[in-house]
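Trainee: using only what follows, build the 3D model:
(chains A and B)
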Number of protein chains: 2
Amino acid sequence: MPRYEMLSGEAVETIERGWQRLVAEVGIAFDHPEALRRFRDAGQRVEDDVVFLDPAFVLEQVALAPQRFHLHGRDAARAVDIGGDEMVFVAVEGPPFVREGDERREGTLADLERFVALGHVHDEIDVPGSLACEANDRPLDSRHLDMVRAALVGSDKPLVGASISRVAAEDSLELAALVAGGREALERSPSVLANVNVNSPLRYDERMLDGLLVYAAAGQPLLVTPFLLMGAMAPVTVAAALVQQLAEALAGVALTQLVRPGTPVVLGSFLSHTDMRTGAPGFGGPEAALGLIASGQLARRYGLPWRSGGGGLTTSQSVDAQAAWEALNTLLPAFLAGANVVVHAAGWLESGLVACYEKYLVDVELLGILRAQFTPFAFDEAALAFDAHVEVGHSGHFLGAAHTLARYRDCFRLPVLSSTDSFERWTRVGAPDTATRAAAGWRAALDRYAVPPLEDGVRAALDEHVLRRRRELGD
Amino acid sequence: MPRYEMLSGEAVETIERGWQRLVAEVGIAFDHPEALRRFRDAGQRVEDDVVFLDPAFVLEQVALAPQRFHLHGRDAARAVDIGGDEMVFVAVEGPPFVREGDERREGTLADLERFVALGHVHDEIDVPGSLACEANDRPLDSRHLDMVRAALVGSDKPLVGASISRVAAEDSLELAALVAGGREALERSPSVLANVNVNSPLRYDERMLDGLLVYAAAGQPLLVTPFLLMGAMAPVTVAAALVQQLAEALAGVALTQLVRPGTPVVLGSFLSHTDMRTGAPGFGGPEAALGLIASGQLARRYGLPWRSGGGGLTTSQSVDAQAAWEALNTLLPAFLAGANVVVHAAGWLESGLVACYEKYLVDVELLGILRAQFTPFAFDEAALAFDAHVEVGHSGHFLGAAHTLARYRDCFRLPVLSSTDSFERWTRVGAPDTATRAAAGWRAALDRYAVPPLEDGVRAALDEHVLRRRRELGD
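Mentor: Predicted coordinates for the structure are as follows:
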């Protein structure tokens, strides 16, 4: 399907001039001596912690990154391509809380394991992630070990690595290397996707830079993502947010290429608005959708894969109508904009504070709908069904027509969560709303789940590494 | 904003050949002697009730209809343009039932009056309609009088007329003429929008044709709408449904121009799928969205305004997540496709069996979001906010920046129904979900409602007409 583009050539040029002026005249702050040294060594002007970047230099570095790359999974068949026309869907990342029905509580390692399982069984999710919720019941300093291990053992799909600190990043790589057959094999076959957020406006902080430097050095794919809530971390106009987003993301991409030329990297976008009455974030609104569509059009200029902020983003506190429309109004623009990576594609609730089981199922249904919706339909003679019209004529219906009988099983996408029951039947089965049906849906999905096979030796090595490192970290 | 188009030139030609073959070789049935006579007099081959149409003749007739026209309201300021880049939103039409909170019951005249009031107070609705729900508490044969009167008195926005029979159509015109200042004034300033459904496949029935002939003769704008549920009234492929839709709609448009050349007419589309497991209709699915986007691209070839099937279509039985995503996945494609008229834009629930107060508010919110979303944003120097970056620098936030303070009131669309409350605050106020908030919302909207002024003489004439005709109809 074609991409939806909205910016005139003139508008694109205006934004282009905008980010170039921003990096050159205001500059980007990097809270890390290695980052500052690398930029200085490459001839960029550095004053205190601010790098003033030559736009031509930034573009040269950006051109070193691949347009498209392969993200490997533990099972080769689970690998995905990132770039071009491909879309890759990563489950929710980062919530401290989980919601299960009407219960909202702190997330645990058991919750994370269940979210990994949900991501594993659903074809709509390419990357279940190691960060679907925080394992609050594990010690803080070594928690990342348990979380990455849970993702590696629970699914053979590609991994999300921790990027919150140097230690967490290095441990993620070491665990992934045990599965990949050593560090060299891992670097040859990138299989850990990690996200680095910009501390917007115009600043990369030390912890995030630690993560960026570790993953880039290992040749693992990074999402470099300005985190822009217009009104808070960015000005209140979409045009200004697009300018800032490019300035921040392209500067970070340039750094990845200074570290390791050719390392795979994704131009990130996370762009939404602030509720100016309260200062709270807002999602799924018109400004975010416009920003998302424009982000895709702009990203393609730089020959990089790009990430849309998120899939089913919403501020809603429960799995209600608002949760659904905000999620769809984030996901559908991501499809129109041709995002290569969609993070938070399933399970996000309450502005990302909550990973919700029922919302996970809603988002999976939305992904299924949109994947079918963005697949063009056939146009051969048979599709025109002239003979069916001759057969049915001017009354009656097509339910029994030969054309229908040959196709009825797969002519329309079969929903897994929607109900087309009559009111009478729906009432008879207890009048379950979508959230109620979703609760049954994720439990049924977990029943279908089987832990994918893993060599005993590899599993033992993972366990041993986790134990050893946990001790070393004092937990 | 640009339209989203997906059909290749070759695909368009294939569909073009398809509908031409269908009208010429299979033909369209018209259950009405006047319609058959008009086609025969125009040189078309008629066998029994089937008209075999020369595609060139159809296109000649279609070319007589205006590309764009004015739909007048009782208040001149409420008039809307139909055609070009304009989008006009008509509330739900036809449900026998209403839903208010958890109560589902037969609709009454009082319900209709409340829906008219909701359509009147909300700027997102251009045409509240006289058919928002059935007035089951009024006598069947004269009910249309009460319903049209309710719409004329309750709002000064443009009117939807009844088209269910010749009597209902003529009474609608007579009532509208009383308000417009006579029949001649009404014909000079078209102000009654009426919908005529095709009895698909390939048949116009007598009652619908009665309506079509009455409105066309009076020069009032008609929506000519094939009602296609793929699998039931149309083949199961989108391509075939598009072919059938054009064959049926263009044949009906040709008839309107035979009756009164130049009469305003809208190419209709109502295209969705059937749940093949149960035979029930399905809405908001990927096939309908694809069909809608393709319908817009095709309609523009004929220089006619076009109607998208509906706004917030859904099979859902309550105002839950499914209701919201199906509604948005019908509305958003209508915006992408550039529909000129969107019927059922607010209030539709349960496959159109129910007009729902809370859903009305949800749809109004969705319309508000999408209207903002399809308004391009500014690109002047001020929008780029360079000075704001100089002011804020590399840390802090933009909440207090001069650029923000000058714009914070209207930089983002203010939602009326969404909640961005924190979990704690939301819990404190009773944890209301969207449907609960919508219940408060429509009651508040009715509190804001004031019956728009109407000359005493006109009101008396309307009342007198309704009383007289009700007696004549034996009720």
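Trainee: lowest-pLDDT helix or strand in chain A?
Mentor: Here the helix or strand of chain A ranked lowest by mean pLDDT, DSSP states H and E is helix A:381-384, holding a mean of 91.
Trainee: who does that helix touch, helix- and strand-wise?
Mentor: Using 3 or more C-beta pairs under 8 Å, 6 or more residues apart in numbering or on different chains; DSSP states H and E, the elements in contact with helix A:381-384 are helix B:238-259. No exception for glycine: its C-beta is placed from N, CA and C like everyone else's.
Trainee: so what's the model's average confidence on the helix it packs on?
Mentor: The average pLDDT for helix B:238-259 rounds to 98.
Trainee: after it comes which helix or strand?
Mentor: Following helix B:238-259 in sequence order, the next helix or strand is strand B:265-267 (DSSP states H and E).
Trainee: next one: phi and psi at the residue most central in space within chain A?
Mentor: What sits nearest the mean C-alpha location of chain A, by C-alpha atoms, centre = their mean, is A:V343, with 1.2 Å. Here is the backbone geometry of A:V343 (degrees, to the nearest 10): phi -90, psi 160.
Trainee: run through who's touching the least confident helix or strand of chain A.
Mentor: Applying C-beta atoms under 8 Å, 6 or more residues apart in numbering or on different chains, the contact partners of helix A:381-384 are A:F377, A:H403, B:T14, B:G18, B:T237, B:V238, B:A239, B:A240, B:V243.
Trainee: mind redoing it with 7 Å?
Mentor: Here helix A:381-384 makes contact (C-beta atoms under 7 Å, 6 or more residues apart in numbering or on different chains) with B:G18, B:T237, B:A239, B:A240, B:V243.
Trainee: in it, what's buried?
Mentor: A:A382, A:A383, A:L384 (16 or more other C-beta atoms under 10 Å in any protein chain shown).
Trainee: do stretch A:92-102 as well
Mentor: For stretch A:92-102, using 16+ other C-beta under 10 Å, the buried residues are A:V92, A:E93, A:G94, A:P95, A:F97, A:V98, A:R99.
Trainee: of the residues you listed, which are in range of chain B?
Mentor: Checked against chain B using C-beta under 7 Å from any C-beta of the partner chain, these yield no neighbours at all.
Trainee: just send those residues back as CSV, with pLDDT, distance to B:V58 and secondary structure too.
Mentor: Below are the buried residues of stretch A:92-102 laid out as CSV (pLDDT from 0 to 100; distance: C-beta to C-beta, whole Å; DSSP: H, G, I helix; E, B strand; the rest coil):
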residue, pLDDT, distance to B:V58, secondary structure
A:V92, 97, 53, coil
A:E93, 97, 56, coil
A:G94, 96, 58, coil
A:P95, 98, 58, coil
A:F97, 98, 61, strand
A:V98, 98, 60, strand
A:R99, 98, 56, strand
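Trainee: now do the strands in the stretch 251-400 of chain A.
Mentor: A:265-267, A:270-275, A:280-282, A:307-308, A:341-342, A:348-349, A:354-356 (DSSP state E, counting those that start in this stretch).
Trainee: and these as CSV, adding distance to chain B, mean neighbour count and mean pLDDT?
Mentor: Listed next are those as CSV, based on distance: least, C-beta to the nearest C-beta, whole Å; neighbours: other C-beta atoms under 10 Å in any protein chain shown; pLDDT from 0 to 100:
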stretch, distance to chain B, mean neighbour count, mean pLDDT
strand A:265-267, 20, 29, 98
strand A:270-275, 4, 26, 96
strand A:280-282, 4, 21, 96
strand A:307-308, 15, 30, 96
strand A:341-342, 16, 27, 98
strand A:348-349, 10, 32, 98
strand A:354-356, 8, 30, 98
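Trainee: count of residues packed around the residue in the stretch 1-150 of chain A that chain B sits nearest to?
Mentor: Nearest residue of the stretch 1-150 of chain A to chain B, counting by C-beta to the nearest C-beta: A:A29, 3.9 Å away. A:A29 has 22 neighbouring residues, counting by other C-beta atoms under 10 Å in any protein chain shown.
Trainee: isn't it up against A:D205?
Mentor: No: judged on C-beta atoms under 7 Å, A:A29 makes no contact with A:D205 at a distance of 8.8 Å.
Trainee: check contacts around A:M147.
Mentor: Contacts of A:M147 (C-beta under 7 Å, 6+ apart): A:L112, A:S130, A:L131, A:A135, A:A162.
Trainee: quickly find the element holding the last one.
Mentor: Put plainly, it is A:A162. Going by DSSP H and E, A:A162 is not in any helix or strand.
Trainee: was I right to think it contacts A:A168?
Mentor: Yes: at 3.7 Å, A:A162 counts as touching A:A168 under the criterion of C-beta under 7 Å.
Trainee: quickly list what's touching both of the two.
Mentor: Common neighbours of A:A162 and A:A168 (criterion: C-beta under 7 Å, 6+ apart): A:H144.
Trainee: just to revisit the earlier point, any chance of JSON lines for the buried residues of helix A:381-384, columns distance to B:Q67?
Mentor: Formatted as JSON lines, these follow (distance: C-beta to C-beta, whole Å):
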{"residue": "A:A382", "distance to B:Q67": "35"}
{"residue": "A:A383", "distance to B:Q67": "31"}
{"residue": "A:L384", "distance to B:Q67": "28"}
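Trainee: A:Y4 is in contact with A:F374, correct?
Mentor: No: using C-beta under 7 Å, A:F374 is not in contact with A:Y4, being 10.7 Å away.
Trainee: I figured A:L292 hits A:A334, correct?
Mentor: Yes: counting by C-beta under 7 Å, A:A334 is a contact partner of A:L292 at 6.2 Å.
Trainee: anything in contact with each of those two?
Mentor: By C-beta under 7 Å, 6+ apart, the residues touching both A:L292 and A:A334 are A:S308.
Trainee: just to revisit the earlier point, which residues touch the residue nearest to the centre of chain A?
Mentor: By C-beta under 7 Å, 6+ apart, the neighbours of A:V343 are A:V90, A:E93, A:N195, A:R307, A:G310.
Trainee: and the fourth one, how far is that from A:V50?
Mentor: Distance, A:R307 to A:V50, by C-beta to C-beta, to the nearest Å: 26 Å.
Trainee: for the third one, same thing?
Mentor: The span separating A:N195 from A:V50 equals 24 Å under the rule C-beta to C-beta.
Trainee: between these two, which is the more surrounded one?
Mentor: Just comparing A:N195 and A:V50: by other C-beta under 10 Å the higher neighbour count belongs to A:N195, 29 against 18.
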